[in-house]
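Enquirer: My questions are about this predicted structure, shown below with the sequence.
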Amino acid sequence: MSLFTLTFDFADPVRKQQYNHQASENKRYNEAAYADWVSRHTPEQVRIANNARTQLRRKLANGRKSKRSGHGFSPIKDDRQVKRPTNAFFKFNTERQHSGDLKNIQLTEAMRMVKKEWDALSAGEKQVRAFVSINLDLDRN
């Protein structure tokens with residue numbers, strides 16, 4: 001364990017509250033600085049940088065089994081980026097999960113059930129769901 005962990009674990013509640021408050025302030029400051037930094041770049045520059053980061057991550061991960069290979073090249077988060085469209089099955093799965101019918105069922109079993117239901121749909125029903133999914137994505141962007 002680190003010295004800070006030990007210090008924090010045995011600190012009195014007032015000291016822990018001070019640490020938590022300072023951490024919250026630091027987090028807000030860092031988020032604002034990050035948002036400012038991202039806003040100084042165009043969405044196209046961010047997209048190109050994210051592509052480069054992906055390539056670096058892949059190159060560093062080749063031949064290495066370390067979990068930290070490519071660490072530090074995570075994508076730049078930018079709300080201005082166009083989001084990829086979600087497919088009809090994903091929308092169907094989300095609807096089924098939120099319906100409450102699959103509550104208290106293991107995730108793997110629930111996914112099997114949803115997949116069987118999806119496969120049982122006719123091609124026309126799937127096409128309608130895909131059309132609705134595309135229109136919802138257009139509204140989102």
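Expert: All right, it came through fine. Numbering: from 1, shown residues only.

Enquirer: Domain-wise, how is this protein divided?
Expert: Using automatic domain parsing, the domain parsing of the chain gives 3-61, 88-140.

Enquirer: buried stuff in the top helix by length along the chain?
Expert: With secondary structure taken from DSSP state H, the chain has its longest helix at helix 13-39. For helix 13-39, burial by neighbour count (16 or more other C-beta atoms under 10 Å) applies to V38. For every residue, glycine as well, the C-beta is placed using N, CA and C.

Enquirer: Quick one: name whatever helix or strand follows that helix.
Expert: Counting by DSSP states H and E, the next helix or strand C-terminal to helix 13-39 is helix 43-61.

Enquirer: which residues sit against that next one?
Expert: 38, 41, 69-70, 73-76, 78, 80-81 (C-beta atoms under 8 Å, 6 or more residues apart in numbering).

Enquirer: which helices and strands sit right next to the helix or strand that it is followed by?
Expert: Sequence order places helix 88-98 as the next helix or strand after helix 43-61, per DSSP H and E. Judged by 3 or more C-beta pairs under 8 Å, 6 or more residues apart in numbering; DSSP states H and E, helix 88-98 is in contact with helix 107-120, helix 123-140.

Enquirer: For N93, which of these is the nearest?
Expert: helix 107-120 (5.2 Å; C-beta to C-beta).

Enquirer: what about that closest one, average pLDDT?
Expert: Averaged across helix 107-120, pLDDT comes to 93.

Enquirer: rewinding a little: ok, of the domains of the chain, where does mean pLDDT dip lowest?
Expert: Among those, domain 88-140 scores lowest, at a mean of 85.

Enquirer: Check the offset of it from the chain's centre.
Expert: Computed by C-alpha atoms, centre = their mean, to the nearest Å, the chain-centroid distance of domain 88-140 equals 20 Å.
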